[in-house]
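Student: sequence-free structure coming up:
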Ligand SMILES: N[C@@H](CCC[C@H](N)C(=O)O)C(=O)O
């Protein structure tokens, strides 16, 4: 299997271009993503043919589960398509399980350096996120974890997120509470968990615990969900810079069109051949 190792702000992927995914893709993802016995990554990403968009992307988490969407992987896939000239245009469409994403590349020396993605509308309905709550908006809902009461806002960007605002983001919060919230009975498909500290109306700091992966250095859809939750709860403007452990993303929630734009980098680190 020929692959490219890529990352979006340290959220790293093994990216392969194939005509279809193999039957054993779920176990393959676990093996490939293993940081000791495999290549090592947060996810395995396939670039596939599409009859609705320029290409299709499928993303498998390091535990072998498939996610509907991945913001950092969409940027990496767009860079791969542009840099390897699979489409000679800076405008690219990518089909995902959560819909079609339209992408605009900024290039330097014929290589994509920044990618702006229309991530589509945020889904706020409780049952659609999904959560167990039949409410149009699950905002600042209390959740008890390890004897602590926290408040989360549920947002789906195609995949589910629980955004929790805290006074100060700390590693212990993510590592101790992240895995418990991910599997909490409120969330029938499990959930990605963002812990967010508001710096001012234009900037937030976010640590993330990802469903099916664990802590990652960045999460594109998590940053989008955070931008939406922060604006929705009156904490920030509709455009924010989200500071993640791996770097920054710019998130704009265009409330008139009800779509979220994410802008950030994508990086190719090396290519190789896997014998797994
Ligand atoms: N890192 C991603 C999200 C990947 C999928 C997630 N773990 C899930 O299961 O929903 C991003 O950049 O959005």
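Tutor: Ah, there it is. Worth saying up front: this structure is predicted, and the values here are computed from it rather than measured. Residues are numbered from 1 along each chain as shown.

Student: right, is stretch 143-154 up against the ligand?
Tutor: No: Stretch 143-154 stays clear of the ligand (CB under 6 Å from any ligand atom), getting no nearer than 13.3 Å. C-beta here means a position set from N, CA and C on the backbone, and glycine is covered the same way.

Student: any chance you could map the helices in the stretch 151-276 of the chain?
Tutor: 171-172, 178-182, 220-232 (DSSP state H, counting those that start in this stretch).

Student: Neighbours of residue 184, how many?
Tutor: Residue 184 has 19 neighbours, counted by other CB atoms under 10 Å.

Student: hang on, isn't it packed against residue 145?
Tutor: Yes: assessed by CB atoms under 8 Å, residue 184 is found in contact with residue 145 at 7.3 Å.

Student: So for the ligand, which of the helices of the stretch 151-276 of the chain sits nearest?
Tutor: helix 220-232 (3.4 Å; CB to the nearest ligand atom).

Student: Summarise which helices and strands the closest one is packed against.
Tutor: Helix 220-232 sits against helix 71-83, strand 148-156, strand 160-165, strand 192-200, strand 203-210, strand 239-244, strand 247-254, strand 259-264, with contacts defined as 3 or more CB pairs under 8 Å, 6 or more residues apart in numbering; DSSP states H and E.

Student: Would you mind finding the most buried of those?
Tutor: Compared across the helices and strands packed on helix 220-232, helix 71-83 shows the largest average neighbour count, a mean of 28 (mean count of other CB atoms under 10 Å).

Student: sorry, back to before: reformat the helices and strands packed on helix 220-232 as a markdown table; add mean pLDDT.
Tutor: What follows is the helices and strands packed on helix 220-232, written out as a markdown table (pLDDT from 0 to 100):
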| stretch | mean pLDDT |
| --- | --- |
| helix 71-83 | 98 |
| strand 148-156 | 97 |
| strand 160-165 | 98 |
| strand 192-200 | 98 |
| strand 203-210 | 98 |
| strand 239-244 | 98 |
| strand 247-254 | 98 |
| strand 259-264 | 98 |
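
Student: Stretch 230-244 near the ligand anywhere?
Tutor: No: against the ligand, stretch 230-244 shows no contacts by CB under 6 Å from any ligand atom, the least distance being 9.7 Å.

Student: Tabulate the helices of the stretch 151-276 of the chain (a markdown table), appending mean pLDDT.
Tutor: Shown next, in a markdown table, are these (pLDDT from 0 to 100):
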| stretch | mean pLDDT |
| --- | --- |
| helix 171-172 | 96 |
| helix 178-182 | 98 |
| helix 220-232 | 98 |
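
Student: Compare those and give me the one nearest residue 156.
Tutor: helix 220-232 (7.7 Å; CB to CB).
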